[in-house]
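Turn this into a structure:
(one chain, ligands or ions: 1)
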Amino acid sequence: MAKATARRSPPTTIESSRDRERLKTVVFPEHSDLAARVAERIVEVIQRETQAKGKVVLGLATGSTPLGVYEELIRLHQAGDVDFSHVITFNLDEYYPMSPDSPHSYHRYMWENFFAHVNIAKHNVHIPEGVTPRERVTDACAAYEAAIRAAGGIDFQLLGIGKTGHVGFNEPGSDAASRTRIVTLDTLTRKDAAADFFGVENVPREAITMGVATILDAKEIALLATGEHKAGIVARAVEGDISTDVAATFLQRHPSVTCYLDLPAAAELTRIKTPWILEGIDWTPAMVERAVVWLAERSTKAVLKLSAREYAENQLSPLLARAGSAGPINGQVFNRLREKIRGRAKLPAHERVLVFSPHPDDDVISMGGILRKLWENENQMVVLDTSAVQRARATVNAGMEQKAPGEIDIPVVQNLKKFIRESEAIAALAAVGIPASSARFLDLPFYQTGEVRKRPLSEEDIAIVLRLIDETRPDLVFVAGDLSDPHGTHRTCKAAVEAALARYQGGKPEVWLYRGAWQEWSLTEADVLVPLSQDELHAKILAIFRHQSQKDTAPFPGYDEREFWQRVEARNLETAARADRLGLPEYYAMEAYVIQRV
Ligand code: F6R
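Here you go, the predicted structure:
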């Protein structure tokens, strides 16, 4: 077997105090570094164990989190760097009941995303069976445990974490001694899976999962989490007390666990969220701003009214000591925040503006307000929708009657949906004043699976985006900077634009990131705050209404059952209200943008 080649320089990780952390945690600012590091570690374990005992046993997970790891392992295998012929695998779980051929089965997931692309022997693959008759499930679970023992135990266990804190499907209430068994899925877990199943009612109620004790028996464990939607539960698992309420906390009892996190998933860890509590830190202006806004919100006071006492009582004496008194720090932060507010007069005018919208409605949802202002400022606007096909639920009934939820539509239905979504996108842009001639539809290949899960980014995607950038020569580019998009479409779209811009020979445009439909940038993260009047917010909401096929039930509600327009209204009002509470001018509503630093 070939040795793993030294391929890339070591990934950058964030090193800082881990006083509060009860699990070894590595934070990667670059999302792609995380998958590469974990895959590298798996290859090391495969080589070490196969050399030592002629085989290696891996515990594997499904879900969106490990996909990058599987892609990287496939790449390393194809490069001749890793051999899977002596690898034995045990998957954590499977829905119950679930046919292995179903598009939702973890059998199919594992073969399509990993096993079919490497030289693993079929008889070495073990995945709990979702078709075992109920009366035989207990025996099948005991046999699964026995098979793990017979293989010599798991050398390396890969884990994701669910919003309930589950590892495998060990939902709240699972105890430390639990073994492979049938479990009832938590409501939150089923809601999280609803998008993949096209409706929570289609998500199975049960699953077969390895137990907490089965997982803790593994010699080494890697817990992976990516995306801001995992931040809360990750902090609970890493910094909280061990409890049956959160199965992942039991990992704290294991001697060899590493949590691999991207920055959004690590955002609620104390060392990332409020690092000034832990140690002496580098007081950059951005860090001072974060600390002072935190202090103001904590003390429910306007920034300019914070006193030395508040600084001292909230562990910010070191910051106070640097300036001597509260006044200058308050003033510095107030001015920074005030300068972010940019009404129409302070926004670009007479420039070429390119807007990338991963889905047809992301543009108006996230930036309906600024779109209108940029148009009024006589910028040349091109708005690009990068998707080809979307769910036009409740709109296309013809041809769909025989289709099971989640199955791929026949081409004619896909085209019809595409037509509907494109017409809606044009109508929505018109509602914020932008003509149909500004709208373009890219049909990027990565998007064209007809399924919720998309393909990885390809050279073809990048080439299409680059052609458009060459053609439009933008001064300003808007991209969705959302990192919690459940299916990674926003992330892939951003990666396509970044790769294309890196190759673009013309003058580099400024890149502004808008947040996706689910969240908003905080005041301290944002570089630009765009105030909206009541009428402007109303016009933006009317534009969102033009996406009629997405109305009444949001296709990806997660735990939030509000429609997109309701979330937009709440988030734009809240951003303005927060600014107001900090003592900034009182606006009706606000959008927020981050300027990407290169
Ligand atoms: C999957 C599994 C689950 C997932 C978890 C996170 O086999 O056991 O615990 O790891 O639900 O799912 P994603 O990665 O989709 O967020």
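
any idea which helix or strand carries the closest residue in space to Thr132 that isn't next to it in sequence?
Once flanking residues are discounted, Thr132 sits nearest to Ala140: 4.6 Å by Cβ to Cβ, 6 or more residues apart in numbering. (C-beta placed from N, C-alpha, C; glycine too.) Applying DSSP states H and E as the criterion places Ala140 in helix 137-150.

pLDDT weak spots in this protein?
Along the chain, segments meeting pLDDT under 70 span 1-11, 14-17, 387-410, 412, 448-454, 483-487, 550-560, 598.

Any residues of it in contact with the ligand? List them.
Counting by Cβ under 6 Å from any ligand atom, the chain comes close to the ligand at 61-65, 92-93, 160-162, 166-169.

want to throw the residues you listed into a markdown table with neighbour count?
As requested, these are exported to a markdown table (neighbours: other Cβ atoms under 10 Å):
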| residue | neighbour count |
| --- | --- |
| Ala61 | 23 |
| Thr62 | 24 |
| Gly63 | 18 |
| Ser64 | 14 |
| Thr65 | 25 |
| Leu92 | 28 |
| Asp93 | 23 |
| Gly160 | 20 |
| Ile161 | 26 |
| Gly162 | 24 |
| His166 | 28 |
| Val167 | 28 |
| Gly168 | 28 |
| Phe169 | 28 |
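
Reformat those residues into TSV and put secondary structure next to each item.
What follows is the residues of the chain next to the ligand, written out as TSV (DSSP: H, G, I helix; E, B strand; the rest coil):
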residue	secondary structure
Ala61	coil
Thr62	coil
Gly63	coil
Ser64	coil
Thr65	coil
Leu92	coil
Asp93	strand
Gly160	coil
Ile161	coil
Gly162	coil
His166	coil
Val167	coil
Gly168	coil
Phe169	coil
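
any idea which of those is closest to Trp283?
Taking Cβ to Cβ as the measure, Trp283 lies nearest Ile161 of the residues of the chain next to the ligand, at 33.1 Å.

For the longest helix seen in the chain, name the packing helices and strands.
Counting by DSSP state H, the longest helix found in the chain is helix 31-53. Judged by 3 or more Cβ pairs under 8 Å, 6 or more residues apart in numbering; DSSP states H and E, the packing partners of helix 31-53 are strand 24-28, strand 56-60, helix 67-78, strand 156-159, strand 220-225, strand 257-262.

Backbone dihedrals for the residue in the stretch 1-150 of the chain positioned nearest to the ligand, please?
In the stretch 1-150 of the chain, the residue that lies nearest the ligand is Gly63 (2.8 Å; Cβ to the nearest ligand atom). The phi/psi pair for Gly63 (degrees, to the nearest 10) reads phi 90, psi -180.

Contacts only, for Ile154.
By Cβ atoms under 8 Å, 6 or more residues apart in numbering, Ile154 lies in contact with Val57, Leu58, Gly59, Phe90, Ile148, Asp217, Ala218, Lys219.

distance of it from the ligand?
From Ile154 across to the ligand, the span is 14 Å (Cβ to the nearest ligand atom, to the nearest Å).

Could you verify that that residue is part of a helix?
No. Ile154 is assigned coil when assessed by three-state DSSP, not a helix.

Now do the phi/psi pair for it.
phi -80, psi 130.

hang on, the earlier thing: how about the residue of the stretch 1-150 of the chain closest to the ligand, what does it touch?
Neighbouring residues of Gly63 by Cβ under 8 Å, 6+ apart: Gly160.
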